[in-house]
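Enquirer: Build me a model from this:
(chains A, B and C, ligands or ions: 2)
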Amino acid sequence: MSELTRAEVAHVAKLARLRLSDDELDLFTVQLAKILDHAADMQSLDLADVVATAHPYGLINVVRDDVVRPSLERDEVLAMAPDAEDGRFAVPRIMGEAP
Amino acid sequence: MNATTIAEGVRRGELSARTLAEESLRSIRARNDELNVFLHVDESGAMAAAERVDDTVSRGLDPGRLAGVPIALKDNLCQVGVPTTCSSKILEGWRPPYSATVVDRLLEAGAVPMGKTNLDEFAMGSSTETSAFGPTRNPLDPTRVPGGSSGGSAAAVAAAMTPLALGSDTGGSIRQPAALCGIVGVKPTYGLVSRYGLIAFASSLDQIGPFATNVADAALLLEVIAGHDPMDSTSLPEPAPDLVAHLDDGVAGRRVGLVRELIDGADDEIVESVQRAADVLRAAGATIVELSIPELHLGLSAYYLIAPAEASSNLARYDGVRYGLRVDADDVTAMNEVTRTAGFGAEVKRRIMLGTYALSAGYYDAYYGQALKVRTQMIDAFRRAYRQVDLLVGATTPSVAFTFGSKTNDPMAMYLSDVFTIPTNLAGEAALSVPFGRGEANLPIGVQLLGPGRSEAQLFAAARVLEAVERGS
Amino acid sequence: MTLPNGWEMVVGLEVHTELRTATKMFCGCANVFGAEPNTRVCPVCLGLPGSLPVLNERAVSMAMAIGLALHCTIAPSTFHRKNYFYPDMPKDFQISQYDLPINARGYLDLTDSTRVTIERAHLEEDTGKSTHLGGTGRIHGADRSLVDYNRSGVPLVEIVSGPDIRSSLQARLYAGELRAVLIATGASDGRMEEGSMRIDANVSVRRSGDPFGTRCEIKNLNSLRSLQRAIEFEAERQVALIEDGGVVRQETRHWDENAGTTSTMRVKEEAEDYRYFREPDLVDLAPSAAWQERVAEAMGPMPAQRRAAVLELLGDASGAQRDAVDVVIDLGLERFVHATAAAGGDVPVAIARVANELAATDDVSRLSVEAFVATVAMEARGQLSATQAKTVLAELLSTGGDPAAIAAAKGFEQLSADSLGGTVAGLIEANPDEWTRYRDGDDKLAQFFVGLVMRETRGQANGKAVIAELQARR
Ligand SMILES: [Mg+2]
Ligand SMILES: [Zn+2]
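Expert: Ligands and ions are numbered 1, 2, ... in the order given. Below you'll find the predicted structure:
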């Protein structure tokens, strides 16, 4: 069995901005451990010399010209917002500065 | 009527797009309550699009290659002004201010989008049971799942509501429901179809692809939506390939690998279908080579770390600030938490958790990093195989359509239903599922054909060979 | 400022500069400062579901220009996602370069001859901007915030120095020189007050020769003056803390401009886990040699080289003149000095006018180089007093035009040619003997007539013009 603990699952939930009930924490600890156990086949491999692949194809230097294109209408943009004020998106108070 | 016939009739002025759209609406209405295929039927949009096509024809202009063909869109494709939910409460009520590139291309080709189809929430699932808006039922047997995550789109075509549909395939989400619903489903080469406007699940794996009742229609639809798009950095640089022109190329002289790992663990009736498919290809002039690609066994593990890792980041934006659901709270962090907790279902949360864990400090190398290396091995293994053969053949799914609830309590059991389809996504290559044979309860079986990147024309030609035998029998 | 008792500060700076592209980093929205909130946004920079980034070619070129100017190695690079939740970040991750930046390992030479290592200069995207309502308008104590995403996705280059800076003044010199370099590459306007250049300072202290101490990071310093003051305060705080038997805690600190102090923002234990991973929606960047050459060719000379060129015109420069030259270079206005020199004009006067009058205004676009050279020439010839020359320049800067006409309109100029002619004619008539001798070849008498004209016009005439008048009548 994977060594995944309930505390780790709680920490991950915090990172992911999810609130899990005690029952969910228990359930997820078991289920995630089971999935991670399945990954054990992979973890036992010695792949030290293998290059990681993040992209299936080796395209490079895909760029666009620095030419202005139309932006959206602000009314349309703010119509999507759960809350807006004074041309801006409104949110409840922010507890700290950006990291 | 198939899509190719419809488009030809409309272009010649012998069929009315409006009438076809009305017929499609009638068949949707007839069974949608029972099957839960469409989450939103865009009646006015469809009628307007159909009338534009008829108008174009009456003015003697070319209405496009899919003129008047009703099509269903998986509800993770953005269409301007049309509700788009990803089958999640977190996006309920959201109307995108822009359209996906594929939607623009469909409209330019004269297709008539009928509405948005059900899926597993954020495409995370293999049965359409994780939809926040209830499961879709398999039109061939409503006690069974249609597969997933594009279950709604597959069911729309299988129930003859629309002759065509678009889905997205991240680990098998087009091929698996196509197999379970008895239709053709294609996962194109990564980058062949623009992802702009496809709501991301796992960006390095997602591809949009066609569903159709037959191989020719699937090829036609793929030709219309494929080709370079400057809005997607991962879009291949070349224009759409010629697919329809090569439908009758056959398989004479081709080498086809029958892969042990792509049938291992499948039900006997499925293994038999695959073996019979190999026989048919041999009879049509192909050389069948029995192959083993052991690396394919690692696909599932790598996939269930890579896809959730990317998803955990892709789904961070659903935070209650700019669009979609907000649940009020005193401060913004609490608001993010209660919104996401209320808005996401259990499977989405599970995968966000798994992905966050795989990327987090101290675990990255062991999980995500290792999975990327396995991905490299998968690509190399396929490459070695394609030095020996042109195409591969195997099963699409381990079993025929299963009953509701049979796998929902065990995530790992559900994940295993994608074991044969996942390797193609990891390698960024092409594969399709074509109906071939019947199994338990006369339910359809899908045979999977796999090829290297940009091999779609060969895959369609091989699928046509199987289709001809299947139809003749 | 020096620290007491053999203490030494160790400073490294992280400078974020916005790039002066026409559009944002990953979408076609206009990159402009000061537009109405949320009017320069699209699906991409709002992070709408389904949108995808496509890299702006000019942003890459500008990043390479910065790298070349800082003697960096331009390397194949990748983009990563830096994951953290914050309302001004629409995708709740920032696209940034991580382990493979476009520019690595360079240096910047300061005017005090120090060489500061540049660890890296990488591309990333900017965030939106929050306004805090209720309370004092600062984030703490506010009851809600409003977010504008116009700045979201604006291209940034983050330039990270090595821990090579040893005083607050040196930090200021570094930031000033870097700012001049950024402006010279054309990549940045260097406007700190508009936030287009922002500085974070890593500060630690040690006894000279000891290993580095624990550092604190001071975030978001918005002027060179704040930078210098914040570093001084922070270094002194750390020394006092250690001398009192305390230990410096690794943390992020906030600079309070009004109080002149830094305070804890976040301690290390609360540090985010950013879960960096490769951005799957972007492909790798490997600028070809040809692309790099195009960027190099388009680049003008860097401030150090330009400064040397102006100093060479001066020969021996005083300390005050060197400072004035720094100002000329920082503002990129040396074309006025070079034009003056080319016209044989007075270089010190030109430098003084650029470093004072031109530097005092934001916009020199109405002042032509020719008008500037002419004004300096008038001042050098004594046609204009220094005060009058400044007045003329002020007028030229605000409305443009011809310096002689402005001087005349203000009554500064010597007589017009017509009235000068009349004066000269009258004096010839009044001094027939001297005129005859002059006409017969005694050039010395020219000065006699010039003196008379000057007396008559109370110094407003131009000596050369008088001689021209005399010669015309000879
Ligand atoms: Mg940064
Ligand atoms: Zn934008």
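Enquirer: Nearest to chain C: which residue in the stretch 351-473 of chain B?
Expert: Going by Cβ to the nearest Cβ, chain C is nearest to B:L359 of the stretch 351-473 of chain B, at 3.8 Å. C-betas here are computed from N, CA, C, even on glycine.
Enquirer: Quick one: classify the nearest residue to that residue once chain neighbours are set aside as helix, strand or coil.
Expert: Spatial nearest neighbour of B:L359, chain neighbours left out: C:R275 (3.8 Å); criterion: Cβ to Cβ, 6 or more residues apart in numbering or on different chains. Counting by DSSP: H, G, I helix; E, B strand; the rest coil, the backbone at C:R275 sits in coil.
Enquirer: How many neighbouring residues does C:R275 have?
Expert: The number of residues packed near C:R275 is 27, by other Cβ atoms under 10 Å in any protein chain shown.
Enquirer: quick one: C:A201 is in a strand?
Expert: Yes - under three-state DSSP, C:A201 sits within a strand.
Enquirer: shouldn't it be in contact with C:Q228?
Expert: No - contact between C:A201 and C:Q228 fails when scored by Cβ atoms under 8 Å: they sit 9.8 Å apart.
Enquirer: Any part of stretch B:443-451 near chain A?
Expert: No - counting by Cβ under 8 Å from any Cβ of the partner chain, chain A has no neighbours in stretch B:443-451; the shortest distance is 14.2 Å.
Enquirer: what's the single longest strand in chain A?
Expert: Identified as the longest strand of chain A according to DSSP state E is strand A:88-92.
Enquirer: Can you name the residues in contact with that strand?
Expert: A:78, A:81, A:83-84, B:321-322, B:328-332, B:334-335, C:37-38, C:87, C:131, C:143-149 (Cβ atoms under 8 Å, 6 or more residues apart in numbering or on different chains).
Enquirer: That strand pairs with which strands, and in what direction?
Expert: strand A:84-85 (antiparallel), strand C:144-148 (antiparallel) (DSSP bridges).
Enquirer: can you redo those strands as CSV with mean pLDDT and mean neighbour count?
Expert: Output for these, formatted as CSV (pLDDT from 0 to 100; neighbours: other Cβ atoms under 10 Å in any protein chain shown):
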stretch, mean pLDDT, mean neighbour count
strand A:84-85, 96, 16
strand C:144-148, 96, 22
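Enquirer: With distance to C:L397 as added columns, please give the ones you listed in CSV.
Expert: Converted to CSV, the strands paired with strand A:88-92 look like this (distance: least, Cβ to Cβ, whole Å):
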stretch, distance to C:L397
strand A:84-85, 41
strand C:144-148, 34
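Enquirer: what's the model's confidence in the longest strand of chain A, averaged?
Expert: Strand A:88-92 shows a mean pLDDT of 97.
Enquirer: Same list, the strands paired with strand A:88-92, but as a markdown table with distance to ligand 2 please.
Expert: As requested, the strands paired with strand A:88-92 are arranged in a markdown table below (distance: least, Cβ to the ion, whole Å):
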| stretch | distance to ligand 2 |
| --- | --- |
| strand A:84-85 | 18 |
| strand C:144-148 | 13 |
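Enquirer: Going along the chain, name the strands of the stretch 151-300 of chain C.
Expert: Along the stretch 151-300 of chain C, counting by DSSP state E, counting those that start in this stretch, strands occupy C:155-161, C:197-207, C:216-221, C:251-256, C:261-267, C:277-278.
Enquirer: Show me how far the fourth one is from its chain's centre.
Expert: Averaging C-alpha coordinates over strand C:251-256 and over its chain gives two centres that are 26 Å apart (Cα atoms, centre = their mean, to the nearest Å).
Enquirer: OK, contacts around the residue nearest to B:L359?
Expert: Applying Cβ under 8 Å, 6+ apart to C:R275 gives the contacts A:L15, B:S312, B:S313, B:T356, B:L359, B:S360, B:A361, B:Y364, C:R81, C:N83.
Enquirer: What's the local residue count around A:R6?
Expert: 14.
Enquirer: Could you do A:Q43 as well?
Expert: A:Q43 has 16 neighbouring residues, counting by other Cβ under 10 Å.
Enquirer: Now the phi/psi pair for it, please.
Expert: When read as degrees, to the nearest 10, the backbone of A:Q43 gives phi -70, psi -20.
Enquirer: Next up, the contacts around it.
Expert: Residues in contact with A:Q43 (Cβ under 8 Å, 6+ apart) are B:A366, B:Y367, B:Q370.
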